[in-house]
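Trainee: Generate a structure from the sequence data that follows.
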Amino acid sequence: MWASLRMSVIAVQSVKMVTANMLLGVLFVSGALTACPYNPDLFINTPKNMEALSGSCLLIPCNFRAKTDQDFKSTRKTSGVWIKSSKDLVKNPKNVIYNSSWEHNVYPMKITGDLSQKNCTTLFSSLITNHTDTYYYRLENWPFKATAECDLLQIRVRDSPPRPRIEISGNLKEKESVTISCSAPTPCPHSPPKLTWNLQQDPHNNIKVNTDQTFTTKIQKTITLSDTHDGLTISCSATYPVNEGRGVKTAEERKTLSVSYAPKNTSVSISPSGLGSAGSWVNLTCSSRAKPPVSFSWFKNSKIGAIRVAKGKFYSVNVTSETEDYHCLVTNGLGNQRSSWIRLKSADNPEFGVDVYVTVKILGIITLYSTLIIFECWLRSRCCNKPVKDAGEEDYVNRVIEIQAT
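Mentor: Predicted coordinates for the structure are as follows:
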């Protein structure tokens with residue numbers, strides 16, 4: 001998989017480099033001359049600051065141009081040179097750490113770009129934290145030799161990988177579709193990080209080229225939000241291969257979603273519970289789950305329909321002898337929901353007395369019928385279970401009687 005990925009990256013890189021060369025005149029800022037205290041004969045276009053991971057590599061995008069077109073000739077032998085710390089080669093000749101014309105170099109670097117096309121892209125391999133430094137590029141195109149004194153490159157090599165970045169595009173509201181992405185810097189596209197998260201298994205990793213010719217690895221997913229996504233924590237991990245694949249280094253990022261949604265699970269509770277006597281007070285409480293917070297309204301059922309009687313989460317009602325029905329309505333910017341009706345009636349309500357009488361009467365009838373059935377069963381068991389004398393015993397008794405008679 002990594003081999004095919006490298007080929008794709010290299011192909012994309014090649015196309016991008018050709019485009020960069022075509023736009024070379026635009027990429028170099030005309031104000032560079034005035035901002036630099038020197039008057040260099042060479043300029044390069046490369047990121048000013050780059051970060052890399054120890055044990056991995058760093059691809060340095062690079063293009064150059066001479067002050068005048070007559071200075072550089074692509075037909076001449078050309079060498080690309082990298083210098084660290086100081087650009088003064090007279091005082092610090094050992095600061096040259098790479099020269100493309102040398103067979104052996106101090107630093108594990110290699111110019112992969114085509115110098116004849118003014119492409120000085122460089123692959124810096126097997127990085128260690130000691131490689132953190134300031135670097136200058138120099139071109140040798142005999143007799144033209146020049147250092148890009150004003151275009152320094154600051155490279156920082158870290159032991160820990162950079163944390164991935166989680167982004168969400170769209171409104172975080174229920175029923176809205178949003179795209180969630182996780183991306184990680186890819187300083188070494190030859191060994192890109194593997195991104196994984198808790199939204200789905202085995203997401204497809206894409207490597208894209210940034211406007212400054214650096215690389216980023218990215219995964220993304222589109223979901224339709226609901227209230228269940230509120231409070232969901234997205235966890236994304238970036239695992240970087242190091243030491244030529246013999247080890248890995250991992251960084252993780254988390255982000256918790258805050259999703260707005262209309263009221264859910266609206267209900268009313270009453271305190272104290274049970275039936276109160278007429279004239280007593282009960283407290284009604286309306287509960288709901290929603291984001292953002294809701295407003296509360298109370299309604300009483302009447303002959304003309306529901307009429308609003310109060311606002312607020314709580315409502316105190318004086319119990320009367322008549323049956324009364326109430327419900328609450330909760331509302332926020334995304335919708336509303338009402339509770340079911342709750343019925344209030346006093347213990348001495350005539351309707352309540354009738355209900356008790358009917359209930360007691362039914363229970364009495366059931367008890368009476370049960371008693372009759374049990375008594376009848378007992379009588380039948382007495383009748384049917386009377387003992388029957390044995391026939392042999394009856395004959396013996398008869399013979400004894402006849403003998404006594406004679």
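Trainee: Show me what counts as buried in whatever helix or strand K145 lives in.
Mentor: Element membership of K145 [criterion: DSSP states H and E] is strand 144-147. Neighbour counts over strand 144-147 (16 or more other CB atoms under 10 Å) mark 144, 146-147 as buried. Backbone N, C-alpha and C define where each C-beta goes, glycine included.
Trainee: so C377 sits in a strand?
Mentor: No - counting by DSSP: H, G, I helix; E, B strand; the rest coil, C377 is located in no strand; its state is helix.
Trainee: First residue to last residue on stretch 228-238, what's the distance there?
Mentor: In stretch 228-238, first residue to last residue: 26 Å (CA to CA, to the nearest Å).
Trainee: That stretch: which residues count as buried?
Mentor: Of the residues in stretch 228-238, 229-230, 234, 236-238 count as buried by neighbour count, 16+ other CB under 10 Å.
Trainee: Would you mind listing the two of those residues that lie farthest apart?
Mentor: Greatest spatial distance among the buried residues of stretch 228-238 (CB to CB): D230 and A238, at 26.2 Å.
Trainee: Low-confidence ranges, the stretch 151-300 of the chain, go.
Mentor: Low-confidence segments of the stretch 151-300 of the chain (pLDDT under 70): 201-202, 274-276.
Trainee: by contact count, what packs against the strand holding K145?
Mentor: Strand 144-147 sits against strand 133-141, with contacts defined as 3 or more CB pairs under 8 Å, 6 or more residues apart in numbering; DSSP states H and E.
Trainee: Give me the buried stretch members for the strand it packs on, please.
Mentor: 133, 135-141.
Trainee: center of this structure - which residue?
Mentor: Centroid-nearest residue in the chain: I234, 2.7 Å away (criterion: CA atoms, centre = their mean).
Trainee: who's in contact with the helix or strand hosting it?
Mentor: Per DSSP H and E: I234 is located in strand 233-242. Strand 233-242 has contacts (CB atoms under 8 Å, 6 or more residues apart in numbering) with 53-56, 161-164, 166, 180, 182, 184, 191, 193-199, 217, 219, 247-257.
Trainee: Same check on stretch 258-267?
Mentor: 172-174, 225-227, 229-232, 286-292, 294, 328, 330-340.
Trainee: need the contact list for K194.
Mentor: Shown in contact with K194 (CB under 8 Å, 6+ apart): 205, 238-239.
Trainee: partners of it in the sheet?
Mentor: Counting by DSSP bridges, K194 is bridged to T239.
Trainee: distance of it from E149?
Mentor: 40 Å (CB to CB, to the nearest Å).
Trainee: now swap in E51 and tell me
Mentor: For E51, the distance to E149 - CB to CB - is 23 Å.
Trainee: Of these two, which one has the most company?
Mentor: More crowded of E51 and E149, by other CB atoms under 10 Å: E149, with 19 against 16.
Trainee: all strands for the stretch 151-300 of the chain, in order.
Mentor: Ranges of strands in the stretch 151-300 of the chain, per DSSP state E, counting those that start in this stretch, are 153-158, 165-169, 177-185, 194-197, 206-209, 215-224, 233-242, 247-256, 261-271, 281-291, 295-302.
Trainee: what's the third one in contact with?
Mentor: Applying CB under 8 Å, 6+ apart, the contact partners of strand 177-185 are 51, 161-172, 193, 195, 197, 199, 214-225, 234, 236, 238, 251, 253.
Trainee: quick one: buried residues of that strand?
Mentor: Going by neighbour count (16+ other CB under 10 Å), the buried part of strand 177-185 is 178, 180-185.
Trainee: can you redo the residues you listed as CSV with distance to A347?
Mentor: Below are the buried residues of strand 177-185 laid out as CSV (distance: CB to CB, whole Å):
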residue, distance to A347
V178, 54
I180, 57
S181, 63
C182, 62
S183, 67
A184, 69
P185, 73
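Trainee: just to revisit the earlier point, of the contacts of strand 177-185, buried ones?
Mentor: The neighbour count (16+ other CB under 10 Å) marks 51, 161-162, 164-166, 172, 193, 195, 197, 199, 214-220, 223, 225, 234, 236, 238, 251, 253 as buried among the contacts of strand 177-185.
Trainee: Now do the same contact list for K73.
Mentor: Contacts of K73 by CB under 8 Å, 6+ apart are 141, 144.
Trainee: what about it, which SS state?
Mentor: Following three-state DSSP, K73 is assigned to coil.
Trainee: domain ranges for this protein?
Mentor: The chain breaks down into these domains under automatic domain parsing: 2-158, 165-256, 261-348, 350-406.
Trainee: So what sits opposite G80 in the bridge?
Mentor: Counting by DSSP bridges, G80 is bridged to L139.
Trainee: Cross-check the contact I'm expecting between it and K118.
Mentor: No - contact between G80 and K118 fails when scored by CB atoms under 8 Å: they sit 10.5 Å apart.
Trainee: I'm done for today, thanks for sticking with me.
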